[in-house]
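[1] the following block contains a protein sequence and its predicted model.
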Amino acid sequence: MFAIIWHDFLYQPLFNFLIWIYNGWANENLGWAIVYLTVILRVVLLPFTLVTEKGRSKGEDVSGELAQIDKDFSNDAQLKKEEMRKILKKKKVSPWSKAVVLGIQGLVLVLLYQVFLRGITGEKIIKILYPVIDFPGKINTMFYGYDLGGRYDIVWAGAVAIFLLAEIYWSYRKQKHGLTKADLSYFILFPAATFVVLLILPMAKALFILTSLVFSVIIHQFSRLIFRSPKVEEVKSEGEKKPV
């Protein structure tokens, strides 16, 4: 039952949509088809992303309070958890929207992996394609000299790792309180672990993740103009009132 649902309602529709993009917008370039697919997916998930960004803006307001609670109740984990929950509930900060975005992207990653695992040769494509989707013939898996199905691609795996490293570094620069050992470990280990995982997966996964990361950065910068922190607005208004 699960296998039928997975194939008929998840894998096959995604594969056909990917080939439809490949035949049309991507001009028979599978790399660009994956980029377009990623952007379309992120646009569909944009409402959840904006909720996440709004929550992040609120989270910046409470970060100082949470840090103080962590310090004040360092010897009582249960009480610390309760106090933090009160603050988050008061500010209505919820991680559910981010979980939805990450969960669906993770699902698409698995489905894309299955596409390359099963192969994209002519005979296998014909069995999966809907009648309304044109058979593309031999799929072009080369993307600017890199094989989308190839593994151990240092360039693309490294690009994702460096992007993550820069993104984490930039977020740490904006923190008002000092960094902990856990923060420093995350700064090093998360990009490194991502590099290792992407190194053993088809290069298409790195392209998907990098496209999604770039989209996230663009939306984040745009969201900063929409969801301004109340404290930022207050400081700005006070600055405008000061006489020259």
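    Here it is on my side, so go on.

[2] list the contacts of the nearest residue to Trp32 once chain neighbours are set aside.
    In this structure, Trp32 finds its nearest non-sequential neighbour in Ala26, 4.1 Å apart by Cβ to Cβ, 6 or more residues apart in numbering. The C-beta positions use only the backbone N, C-alpha and C, and glycine is treated the same way. If a contact means Cβ atoms under 8 Å, 6 or more residues apart in numbering, then Ala26 has Trp32, Ala33, Tyr36 as its contacts.

[3] and the second one, how far from Leu18?
    Using Cβ to Cβ, to the nearest Å, Ala33 is found at 6 Å from Leu18.

[4] out of the two, which sits in the more crowded spot?
    Taking Ala33 and Leu18 together and counting by other Cβ atoms under 10 Å, Ala33 has the greater number of neighbours (27 against 22).

[5] give me phi/psi at that one?
    phi -60, psi -40 (degrees, to the nearest 10).

[6] thought it was touching Asn16?
    No - here Ala33 does not reach Asn16: they are 11.9 Å apart, not a contact under Cβ atoms under 8 Å.

[7] confidence-wise, which helix or strand of the chain is lowest on average?
    The helix or strand of the chain with the lowest confidence, counting by mean pLDDT, DSSP states H and E, is helix 230-241 at a mean of 48.

[8] and the next helix or strand past the lengthiest helix in the chain?
    When secondary structure is assigned using DSSP state H, the longest helix within the chain turns out to be helix 46-72. If you walk from helix 46-72 toward the C-terminus, the next helix or strand you reach (DSSP states H and E) is helix 77-91.

[9] elements contacting the very next helix or strand once past that following helix?
    Remark: after helix 77-91, the chain's next helix or strand is helix 96-118, criterion DSSP H and E. Secondary structure elements in contact with helix 96-118, counted by 3 or more Cβ pairs under 8 Å, 6 or more residues apart in numbering; DSSP states H and E, are helix 12-23, helix 30-44, helix 46-72, helix 203-226.

[10] could the ones you listed be laid out in CSV, adding mean pLDDT and distance to Gly150?
    Written out in CSV, the entries for the helices and strands packed on helix 96-118 read as follows (pLDDT from 0 to 100; distance: least, Cβ to Cβ, whole Å):
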stretch, mean pLDDT, distance to Gly150
helix 12-23, 96, 18
helix 30-44, 97, 12
helix 46-72, 74, 31
helix 203-226, 92, 5
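
[11] can I get those in TSV including distance to Gln175?
    Written out in TSV, the entries for the helices and strands packed on helix 96-118 read as follows (distance: least, Cβ to Cβ, whole Å):
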stretch	distance to Gln175
helix 12-23	38
helix 30-44	26
helix 46-72	7
helix 203-226	16
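
[12] out of these, which comes closest to Gly119?
    Distances from Gly119 to each of the helices and strands packed on helix 96-118 were compared by Cβ to Cβ, and the smallest falls on helix 12-23, at 11.7 Å.

[13] how far does that closest one sit from the chain's center?
    21 Å (Cα atoms, centre = their mean, to the nearest Å).

[14] what do you get for stretch 108-123?
    The gap between where stretch 108-123 is centred and where its chain is centred comes out at 21 Å by Cα atoms, centre = their mean.

[15] which outside residues touch it?
    Stretch 108-123 is touched from outside by 10-11, 14-15, 18, 30, 34, 37, 41, 124, 135, 137-139, 141, 148-149, 201-202, 204-205, 208-209, with contacts defined as Cβ under 8 Å, 6+ apart.
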